[in-house]
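Visitor: fold the following.
(2 chains)
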There are 2 protein chains.
Amino acid sequence: MNKKLLLIKRPIDFPTEDTWAFTEERMPELEEGQLLIRQHLVSLDPAMRGWINASRSYIEAVELGDVMRAGTVGEVVKAVNHPKFKEGDMLSGWGGVQQFTLTDGEGFYKINTELANPKVHMSTLGMPGMTAYFGILEVGKIKSGETVVVSGAAGAVGALVGQIAKIKGCRVIGISGGEEKCHYLKEDLGFDEAINYKLGNLRKDLKKACPEGIDVYFDNVGGNTLDTVLTRINKHARIVICGAISQYNKKVIEGPSNYLSLLVNRAKMEGMVVFDYAKRYPQAVLQLAQWMKEDKLKSREDIYVGIENFYETFCRLFTGEKMGKLILDIK
Amino acid sequence: MNKKLLLIKRPIDFPTEDTWAFTEERMPELEEGQLLIRQHLVSLDPAMRGWINASRSYIEAVELGDVMRAGTVGEVVKAVNHPKFKEGDMLSGWGGVQQFTLTDGEGFYKINTELANPKVHMSTLGMPGMTAYFGILEVGKIKSGETVVVSGAAGAVGALVGQIAKIKGCRVIGISGGEEKCHYLKEDLGFDEAINYKLGNLRKDLKKACPEGIDVYFDNVGGNTLDTVLTRINKHARIVICGAISQYNKKVIEGPSNYLSLLVNRAKMEGMVVFDYAKRYPQAVLQLAQWMKEDKLKSREDIYVGIENFYETFCRLFTGEKMGKLILDIK
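Guide: Numbers count the residues shown, from 1 in each chain, chains lettered A, B, ... in the order given. Model (predicted):
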């Protein structure tokens, strides 16, 4: 039997538990060239909130009645003459929130478990790692000595963005919610400064932490944080728009009212979608793994257990009650 | 006697007439190396609204009690052993809203009256021309075949942006206020389409005029226009932030609530200030003059007469009751 989570409702603001429903079904027999993957890990990502809206964004919406889309890592438990994969292979891909995935293997790739364990392949060597790597290097175009600010800094992407910027010789300031997270950023990850935005002094704290202004801002949150950062940017600053978690559950998005700071400072704000860099993932994976091996980069995952706890875990993306990459262990 | 206009008040929203006051004073004797310029033309620009705010933006604020900053063209009527300029030279520079400017010549340059008449040197071959040229080519990075949208399209900068984009082989859509302006854009300037935003159907009209989406948007107005354009941009679109005339008199700027379209479309929004290209002005002036000579580019100025009519003329910048470059002839 395969337990799976279906999208059954389109939420307007914050998704309630009845947005999804579990169902169980018997797995059909495998046909020639098919695989059965027993999923171990399900990735929880802020982007999920966008995927369940009716409108297409950078990817098709999840249809009502379909299995909820999610990145997964799991083991091939059955393979019928598959050209690429065999039983025992650990595959990463879009397996969805379900125990078993039946597939022809399209879009899945084998992870190297000698390089790192599966949960690291879902965080630092997975989508969050790719997003941080290409976002801060290719869009942010950071240079040694620059001041880099990242929001959602204790999150899966943010923590990597900050660490990569440190490796590249930047001064790094993280914006995060809570003292524990700020402590983690400064003490464990080596950020130069960490600002707890929940104290409500973002403008003042940012001024203090960035006396020479901000050259690059990597934005995961949008809203008031983006707007406040805009008041402190330097000439020719780059703002990487990666996400806007503060806005995903709002009916009306709050636009950055200080956007004319882009004009005054000849600065730019640019959006990114990690898929555009797919051809270069392997090179980035090797580089990130190398930095981990050299102890320059720390990977952190926050693991919750049980597919039945999907909703509770999903909510942590928005309440901020998590640290690092949020993963559901459903094995 | 020199009649001059002083800034005496900082407006909060739309400047009232008593924001400025005229005064007359006797000109002092010229010292060694000084010039006296009798101003002929005073440039009226939307940027003036920003200069009279207390805060510095890309340029220092005009101080209370100082002559109102303005671009000028005038004739040297007296020169005391000046190393660069002599009597009879026509000089362009920041002469301010006054009949005579006493200066050491710093920041002034001699215009070539054989290339074009003084008013063209204040429009197509002046700041608006430089802004349009570098903005659409260097920031917008237009390519032949792309769809280019420009707002404030019948204004000094907008009309040139659209014409340059046409010269470069783009499909050009102008957004403007009123049927007369739209007629001018299509019939006189050769824009492919012109949208009268005052009809209130911008979203629908934009969809119709840009069936293949928008590759480059040159924004002079901000507000609802920018926000609506964001819903129609293509992948890798470039948005040039040149101005936001719809917002300059507001206490709270309206940020673009659709800015996440930048993320979805991997697009960028970049600000520009023309001064950054100062070293390359001469090359741009020659190119623009050449296009005028070849009848590929039309220059249009809207001239009002009399320094005492400054305020009434200034208001036209915001009411839109003008076409092309707004100039006050004070000779």
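Visitor: where's A:Lys78 relative to chain B, distance?
Guide: Counting by CB to the nearest CB, to the nearest Å, the gap from A:Lys78 to chain B is 38 Å. Backbone N, C-alpha and C define where each C-beta goes, glycine included.
Visitor: do A:Leu189 as well
Guide: Counting by CB to the nearest CB, the separation of A:Leu189 from chain B is 25 Å.
Visitor: check contacts around that residue.
Guide: When the contact criterion is CB atoms under 8 Å, 6 or more residues apart in numbering or on different chains, the partners of A:Leu189 are A:159, A:162-163, A:166, A:174, A:298.
Visitor: what's the pLDDT at the residue nearest the centre of chain A?
Guide: With distances taken as CA atoms, centre = their mean, chain A has A:Pro128 as the residue nearest its mean C-alpha position (4.3 Å). Among the per-residue scores, A:Pro128 holds a pLDDT of 97.
Visitor: for the one 4 residues further on, same thing?
Guide: The predicted local confidence for A:Ala132 comes out at a pLDDT of 98.
Visitor: give me the three-state assignment for the residue lying closest to it once chain neighbours are set aside.
Guide: Spatially, and ignoring its direct neighbours in sequence, A:Ala132 is nearest to A:Leu160 (3.6 Å; CB to CB, 6 or more residues apart in numbering or on different chains). Going by DSSP: H, G, I helix; E, B strand; the rest coil, the secondary structure assigned to A:Leu160 is helix.
Visitor: tell me the helices in chain A, going along the chain?
Guide: Along chain A, counting by DSSP state H, helices occupy A:47-51, A:118-122, A:127-134, A:156-167, A:179-183, A:202-209, A:223-230, A:261-264, A:281-293, A:310-319.
Visitor: of those, which stretch is the most buried?
Guide: Per-residue neighbour counts averaged over each of those give the maximum for helix A:156-167, namely a mean of 27 (mean count of other CB atoms under 10 Å in any protein chain shown).
Visitor: mind picking the two most distant members of the contacts of A:Leu189?
Guide: Based on CB to CB, the longest span within the contacts of A:Leu189 runs between A:Gly174 and A:Lys298 and measures 13.5 Å.
Visitor: list the residues that contact the residue nearest to A:Leu297 when sequence neighbours are not counted.
Guide: Closest residue in space to A:Leu297, ignoring its immediate chain neighbours: A:Trp291 at 3.9 Å, by CB to CB, 6+ apart. Contacts here follow CB under 8 Å, 6+ apart; on that basis A:Trp291 touches A:163-164, A:167, A:297.
Visitor: among these, which one lies nearest to A:Asp188?
Guide: A:Asp188 has its nearest neighbour among the contacts of A:Trp291 in A:Gln163, at 10.1 Å by CB to CB.
Visitor: distance of the nearest residue to the closest one once chain neighbours are set aside relative to chain B?
Guide: Beyond its immediate neighbours in the sequence, the residue positioned closest to A:Gln163 (CB to CB, 6+ apart) is A:Leu297, lying 5.1 Å away. Between A:Leu297 and chain B the distance is 25 Å, computed by CB to the nearest CB.
Visitor: neighbours of the closest residue to A:Gly145 other than its chain neighbours, just the number please.
Guide: Here the nearest residue to A:Gly145 in space, its sequence neighbours aside, is A:Gly169; by CB to CB, 6+ apart that works out to 6.2 Å. Around A:Gly169 there are 11 other residues, counting by other CB atoms under 10 Å in any protein chain shown.
Visitor: which residues touch the nearest residue to the residue nearest to the centre of chain A once chain neighbours are set aside?
Guide: If you skip the residues right next to it in sequence, A:Pro128 has A:Ala156 as its closest partner in space, 3.7 Å away by CB to CB, 6+ apart. A:Ala156 makes contact with A:45, A:123, A:128, A:324-326, according to CB under 8 Å, 6+ apart.
Visitor: find me the pLDDT at A:Ala156, would you?
Guide: What the model reports for A:Ala156 is a pLDDT of 96.
Visitor: same check, this time on A:Lys198
Guide: Among the per-residue scores, A:Lys198 shows a pLDDT of 97.
Visitor: gap between it and A:Thr225?
Guide: A:Lys198 is 11 Å from A:Thr225, where distance means CB to CB, to the nearest Å.
Visitor: same check on A:Phe218?
Guide: Per CB to CB, A:Phe218 is found 11 Å from A:Thr225.
Visitor: who touches both of those two?
Guide: Between them, A:Phe218 and A:Thr225 share the neighbouring residues A:Ser151, with contact defined by CB under 8 Å, 6+ apart.
Visitor: get me the contact residues on chain A for chain B.
Guide: Taking CB under 8 Å from any CB of the partner chain as the test, the list of chain A residues beside chain B reads A:57-58, A:222, A:227, A:241-244, A:247, A:252-273, A:276.
Visitor: can you say which of those residues are buried?
Guide: Neighbour counting with 16 or more other CB atoms under 10 Å in any protein chain shown marks A:57-58, A:222, A:227, A:241-244, A:247, A:253-273 as buried within the residues of chain A next to chain B.
Visitor: wait, doesn't the residue nearest to A:Ala132 sit right on A:Gly129?
Guide: Yes: under the contact definition of CB atoms under 8 Å, A:Leu160 touches A:Gly129, with a separation of 5.8 Å.
Visitor: overlap in contacts of these two?
Guide: A shared contact of A:Leu160 and A:Gly129, defined by CB under 8 Å, 6+ apart, is any residue touching both; here these are A:Leu288.
Visitor: contacting residues for the nearest residue to A:Val80 once chain neighbours are set aside?
Guide: If the residues on either side of it in the chain are set aside, A:Val80 comes closest to A:Leu30, at 4.8 Å by CB to CB, 6+ apart. In this structure, A:Leu30 makes contact with A:36, A:78-80, A:102, judged by CB under 8 Å, 6+ apart.
Visitor: what of A:Lys141?
Guide: Here A:Lys141 is in contact with A:216, A:238 (criterion: CB under 8 Å, 6+ apart).
Visitor: next one, pLDDT for it please.
Guide: pLDDT at A:Lys141 comes out at 98.
Visitor: show the average pLDDT along stretch A:204-212.
Guide: Along stretch A:204-212, the predicted confidence averages to a pLDDT of 98.
Visitor: would you map the strands across the stretch 1-150 of chain A?
Guide: Listed from the start of the chain, the stretch 1-150 of chain A has strands (DSSP state E, counting those that start in this stretch) covering A:2-7, A:20-25, A:35-43, A:72-79, A:90-93, A:100-103, A:109-110, A:147-151.
Visitor: contact partners for A:Leu102?
Guide: By CB under 8 Å, 6+ apart, A:Leu102 lies in contact with A:27-28, A:30, A:34-37.
Visitor: and these, which are buried?
Guide: Among the contacts of A:Leu102, those classed as buried by neighbour count (16+ other CB under 10 Å) are A:30, A:34-37.
Visitor: residue ranges with poor pLDDT in the stretch 101-250 of chain A?
Guide: Low-confidence segments of the stretch 101-250 of chain A, defined by pLDDT under 70: none present.
Visitor: residue of it nearest chain B, please.
Guide: In the stretch 101-250 of chain A, the residue found nearest to chain B is A:Ile241; the distance is 4.8 Å by CB to the nearest CB.
Visitor: these two touch, right, that residue and A:Glu270?
Guide: Yes: applying CB under 8 Å, one finds A:Ile241 in contact with A:Glu270, separated by 6.6 Å.
Visitor: I'm done for today, thanks for sticking with me.
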